[in-house]
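S.K.: Give me coordinates for this.
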Amino acid sequence: MTKPDPSVPVPAGQAPRHPDPDRASFGYRDVPAGEKAGLVRQVFESVAPRYDLMNDLMSGGVHRLWKNALIDVANPRLGERFLDVAGGTGDIAFRLVRRQGDRPDVTICDINQAMLAVGRDRAIDRGLVAGLDWVTGDAESLPFEDRSFDGYTIAFGLRNVTDIDKALAEAYRVLKPGGRFYCLEFSKVRSAPVGRVYDAYSSRALPFFGRVVARDAEAYRYLHESIRRFPPQRELARRMRGAGFANVAWRDMTLGVVALHSGWRV
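M.R.: Model (predicted):
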């Protein structure tokens with residue numbers, strides 16, 4: 001991880017949101033805040049059956065290395081209880097279960113039942129049944145008690161919530177004191193020339209693969225646009241501190257295409 005950002009922390013609850021509280025970003029469009037969750041749900045219902053194949057195609061398989069790095073940093077231990085949010089297809093949860101060993105305890109929470117159905121089927125195919133709990137729920141209003149989990153992971157899901165600050169506040173709420181938060185998300189490339197190449201590739205490749213493989217170009221056009229509008233590394237770190245997290249840090253991967261943020265509830 002990089003050293004924590006030395007800028008002055010923002011008081012809890014003061015992290016900025018959309019300038020208009022009644023609006024939310026949906027790709028490059030602003031939509032009524034109450035409609036975003038439904039629009040995102042439609043996107044993932046459309047792509048769920050081919051979501052993991054698309055991840056392999058779009059990243060050249062590198063997403064597997066990014067996710068392995070998340071698990072290495074999270075280092076789930078026997079007896080710990082982990083929550084994986086927006087992880088319906090199980091990619092992170094399966095890695096957590098294998099790392100925990102004989103008595104895993106991992107809850108997958110996703111707002112999209114189609115994604116959860118794909119994840120359950122994948123778990124059965126892999127013989128991973130014990131220690132997994134599948135829950136339909138919203139990252140902004142988690143159906144769990146305060147201080148319930150030792151670890152919280154969210155991979156490529158935070159940019160899809162309507163209100164990032166509410167999701168961060170919920171993550172803080174459900175973690176035990178000493179609990180760890182990990183967010184793996186597309187971020188801002190450090191090199192301007194590389195960034196231009198990457199942006200050109202993703203703006204064309206995502207809709208193309210979406211049309212050919214997932215049969216939904218518009219869904220993957222949204223995913224590209226949501227990446228471009230997600231807060232950069234330093235801004236997300238500031239908002240994490242605003243939610244109350246301490247020891248906030250991040251690690252850039254693949255020149256900043258992806259960043260792994262971490263924080264602790266103290």
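
S.K.: CA atoms only for stretch 116-128, dumped as CSV, please.
M.R.: The C-alpha trace of stretch 116-128 is given here as CSV (Å, rounded to 0.1, in the frame of the first residue of the first chain):
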residue,chain,number,x,y,z
LEU,A,116,-26.5,-14.1,-7.1
ALA,A,117,-28.0,-16.9,-9.0
VAL,A,118,-24.9,-17.1,-11.2
GLY,A,119,-22.7,-17.1,-8.1
ARG,A,120,-24.7,-19.9,-6.4
ASP,A,121,-24.5,-22.1,-9.5
ARG,A,122,-20.7,-21.4,-9.7
ALA,A,123,-20.3,-22.3,-6.1
ILE,A,124,-22.1,-25.6,-6.5
ASP,A,125,-20.0,-26.4,-9.6
ARG,A,126,-16.8,-25.8,-7.5
GLY,A,127,-18.0,-27.8,-4.5
LEU,A,128,-18.0,-24.6,-2.4
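
S.K.: can you give me the mean pLDDT across that stretch?
M.R.: Stretch 116-128 carries an average pLDDT of 92.

S.K.: Identify each buried residue in it, please.
M.R.: Neighbour counts over stretch 116-128 (16 or more other Cβ atoms under 10 Å) mark 116, 118-120, 122-123, 128 as buried. Where you see a C-beta, it was placed from the backbone N, CA and C, and this is true even at glycine.

S.K.: can you check stretch 229-244 too?
M.R.: 230-231, 233, 235-244.

S.K.: nearest to Phe181, of those?
M.R.: Lowest distance from Phe181 to the buried residues of stretch 229-244 (Cβ to Cβ) belongs to Met240, with 7.3 Å.

S.K.: mind checking the SS state of the closest one?
M.R.: At Met240 the chain is in helix, as set by DSSP: H, G, I helix; E, B strand; the rest coil.

S.K.: got it, and Trp134?
M.R.: The assignment at Trp134 comes out as strand when based on three-state DSSP.

S.K.: Just want to check the distance between it and Glu170.
M.R.: 18 Å (Cβ to Cβ, to the nearest Å).

S.K.: Of the two, give the one with the bigger neighbour count.
M.R.: Using other Cβ atoms under 10 Å as the criterion, Trp134 and Glu170 rank with Glu170 on top: 22 against 19.

S.K.: Skipping its backbone neighbours, what lies nearest the more buried one in space?
M.R.: Leaving aside its chain neighbours, Glu170 sits nearest to Leu142 (4.8 Å; criterion: Cβ to Cβ, 6 or more residues apart in numbering).

S.K.: wait, that neighbour sits on Cys109?
M.R.: Yes. If you go by Cβ atoms under 8 Å, Leu142 and Cys109 touch, sitting 6.5 Å apart.

S.K.: Between these two, which contacts overlap?
M.R.: Common contact partners of Leu142 and Cys109 (Cβ atoms under 8 Å, 6 or more residues apart in numbering): 83, 85.
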